[in-house]
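Asks: Here is my input, please return the structure:
(3 chains)
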Amino acid sequence: MKPNDVILRTVTKFAVVIIFTFSIFLFLNGHHNPGGGFIGGLSTAAAIVLLTLCYDLETVRRTIPIDFKKLAAFGVLLAVGTGTLGPLFDLPFLTQAFGHIDLPVFGNTEWTTALLFDTGVAFAVIGTAVNIILTISEDESEWKR
Amino acid sequence: METMISILIGILFAIGTYLILTKQLLRIILGSSLITHAVNLLILTSGGLKDGAPPLIGGKATHFTDALPQALILTAIVINFGVTAILLVLSYRIYQTFRTDDMEMLRGNDDE
Amino acid sequence: MMNNMLILPVVLPLVAGMFLVLFPKKILLQRAVSLLALILTGIFSVILLKDVKEQGIQTLQLGGWEAPFGISLVGDLFSILLVVTTSIVAICVLLYAFSSVGYEKETHYFYPLYLFLITGVLGSFLTGDLFNLYVFFEVFLIASYALIVLGGTRAQLRESLKYILINVVSSAFFLLGVAYLYSVTGTLNLAHLSVRVAEAGQDGLLTTISILFLIVFGLKAGLFLFFWLPGSYSVPPTAIAAIFAALLTKVGVYTAFRMFTLIFYHQPQITHQLIGILAAVTIILGIMGAVGFWNLKKILTYNVIISIGFIFIGLVSFTESGLSGSIYYLLHDIIIKAIIFLIGGVMIHLTGTSDLRSMSGLIRTHPSLGWMLFLAIFSMTGIPPLSGFIGKYFITKGIFEADSFLLGTIGLLSSLFILYSMMKIFMNAFWGETILGEDEEKGTTKGLILPIALLTAVSLALGIGAEVIYDYVAEAAQSLLDPEIYIRAVLK
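Replies: Model (predicted):
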């Protein structure tokens, strides 16, 4: 029997956009305020999980053709990679650099290497969280059988 | 406030221990998860439950909360999340293979 | 001394493992990269050993955050010696894994998981912070959860469930200890903890917390609380069981040594006496298992337990010779346990059974294997000049200096039973009538002998080169006895 989930599907279409936007906000907010790569990544993962709940695994796999295991590995590589910048300049591992730069639209903006590190963390969190949920829910069809 | 949380931690531990001592696999997993939550609360309480501003330089606040326990809990929660996921997948595999979720049946013997 | 090289033993295997996750199907690449990463780790750890010997304890404050606020990595001689030994054993077991693990497991992330396991173990040796110790523990535990179930046979599924549950509970206890310690002292940096505990005096509360930690590390190391160990170490494939037996319990031993020499050393009449009782009981129960079973894997795992009890005797004595004996025996035991587990694995591979009563006469077809086992047995028993002798000698000397004659006697007698249980393997499997011809064997030893031979060579070097190595070990033991050295290096 096909479940009747019109409300879930309709709400999801809007909610996913909002969650994605909010997670990007959280991610960028993290440098001076509560937020950051971990929370941003986790809410992105939540959006993807909501999609799989609403549609099915196959549809989501087709729409987002990313291997989440590889995404997680790439994220860790990126995060550790920014850490190795420190030793290149004879500073301790994981030392951060930051400064200010004038961008055309945004005006005076702060740049940090911590942002790169956070991107890595976000990728790792998205990859791991989604991968775990997908692994648990993969055998769904066998349950029904 | 600390007293209240301590009592709550005690209750969580008691429930977790009870669940771990039962025979059903799923209950054991839930019990271990509850115990980890109790531990997380304990770490939070260990830093003192005072109210203060987030510990960020440049704020106008005069007193700050202790950030360390929160960082520890974040890590502990993530690890617990991963381990619980492994346990769930494993117990599902065990259910598929052994057709039981009763720990008594999973004692094992040496002839295999 | 700031030294960025300290991060390499942690980062190299981690990066290599993460890189390999991207290419799960390319086995040759997997093998090459993981071997390269471990060899590089080995080279850098030897350089680190030289640095520490010449310039004293090396530290690294991650991100430039000074201790006790940031994350510290600390390399003293004790930890670096273990790092070197670990990387040697890791390389040899990896070589063994190349020709024994099989295609199915190799494409299911065997090598990345193996590298994560090594990352966690090396990280636990190098960290100078209690919470990071927990994190690194979890890194290698989660890797071991996945490794122990890799393959998914019935016995593996069943035993891994118990292994994971035990470890989840013990991790919860670890965090409990961390939380209590933080609320009492307000710090988690090991050196800072040592200062604070010494200032406040180790009262009843702190002693209770220390016993909580003893329970945790006892569970991980197999000190008295070893009931999970024989089951879970006998189900995974040989290479995995060997690396577990060689390393995982030893991390628990290392952390217990660190905690009870650096932080909780003020009340030895309570804590160290308790450890002494537990060690004695561990040895006796381990002997019962090793002597009683006829299953090859069971005998080997119970031998792991006996040696854990024996190593802790040195900690109980708390004298310089006792501690240096323990460190020496720890290094010896990491290598020798890898050797006997690998040899045991080859024997099971050849005969297709792990019951000693159905093996016989392997010496005719595989003389080198037999003689290497023979050498390993003599080394375990403590026959000079092999590597076990020096450790046993100093541990016994230390415990008699501390006037614990009963414990010393138990330790000495355990050697006899180790000899008996291991000789049982040798006599049954290698002596006697050859019942399996060359062509009747279930598998070949192609590629399996070389790693065992390498490890045997290392073990021989550890025994014959004792003069050189003992210098390092004695200095490591001295710095364990004097926490000031460690504290001054970390908190300048």
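Asks: check contacts around residue C:166.
Replies: Contacts for residue C:166 (Cβ atoms under 8 Å, 6 or more residues apart in numbering or on different chains) come out as C:219, C:228. Where you see a C-beta, it was placed from the backbone N, CA and C, and this is true even at glycine.
Asks: typed the wrong thing, it's residue B:77
Replies: Residue B:77 touches residue B:40, counting by Cβ under 8 Å, 6+ apart.
Asks: Can you tell me how far it is from chain A?
Replies: For residue B:77, the distance to chain A (Cβ to the nearest Cβ, to the nearest Å) stands at 10 Å.
Asks: so where is chain B shaky, pLDDT-wise?
Replies: B:54-61, B:108-112 (pLDDT under 70).
Asks: Find the residue at the geometric middle of chain A.
Replies: residue A:41 (3.2 Å; Cα atoms, centre = their mean).
Asks: Now it: closest residue in space that isn't a chain neighbour?
Replies: residue A:125 (3.2 Å; Cβ to Cβ, 6 or more residues apart in numbering or on different chains).
Asks: Residue A:128 now?
Replies: Distances taken as Cβ to Cβ, 6+ apart place residue A:72 nearest to residue A:128, at 4.8 Å, with adjacent residues excluded.
Asks: what does residue C:452 give?
Replies: Residue C:452's closest residue in space is residue C:342 (Cβ to Cβ, 6+ apart), at 5.0 Å.
Asks: Show me what the mean pLDDT comes to for the helix or strand harbouring the one you found.
Replies: Using DSSP states H and E, the element containing residue C:342 is helix C:320-351. Here helix C:320-351 scores 93 as its mean pLDDT.
Asks: hmm, back to that, correct me if wrong: the residue nearest to residue C:452 contacts residue C:238.
Replies: Yes - the pair residue C:342 and residue C:238 qualifies as a contact (Cβ atoms under 8 Å) at a distance of 6.5 Å.
Asks: Just the residues contacting stretch C:111-123, thanks.
Replies: Under Cβ under 8 Å, 6+ apart, the answer for stretch C:111-123 is C:9-10, C:13-14, C:16-18, C:20-21, C:30-31, C:33-34, C:37-38, C:41, C:83, C:86-87, C:90, C:94, C:97, C:132, C:135-144, C:146-147, C:150, C:243, C:247-248, C:251.
Asks: got the phi/psi numbers for residue A:99?
Replies: phi -170, psi -170 (degrees, to the nearest 10).
Asks: Now do the same contact list for the closest residue to it other than its chain neighbours.
Replies: Leaving out its chain neighbours, the residue that sits closest to residue A:99 by Cβ to Cβ, 6+ apart is residue A:111, at 6.0 Å. Listed by Cβ under 8 Å, 6+ apart, the contact set of residue A:111 reads A:98-101.
Asks: Looking at the residues you listed, which is nearest chain C?
Replies: residue A:98 (12.5 Å; Cβ to the nearest Cβ).
Asks: Which single residue of chain A approaches chain B most closely?
Replies: residue A:132 (4.3 Å).
Asks: Can you give me every residue that contacts that residue?
Replies: Counted by Cβ under 8 Å, 6+ apart, residue A:132 has contacts B:81-82, B:85.
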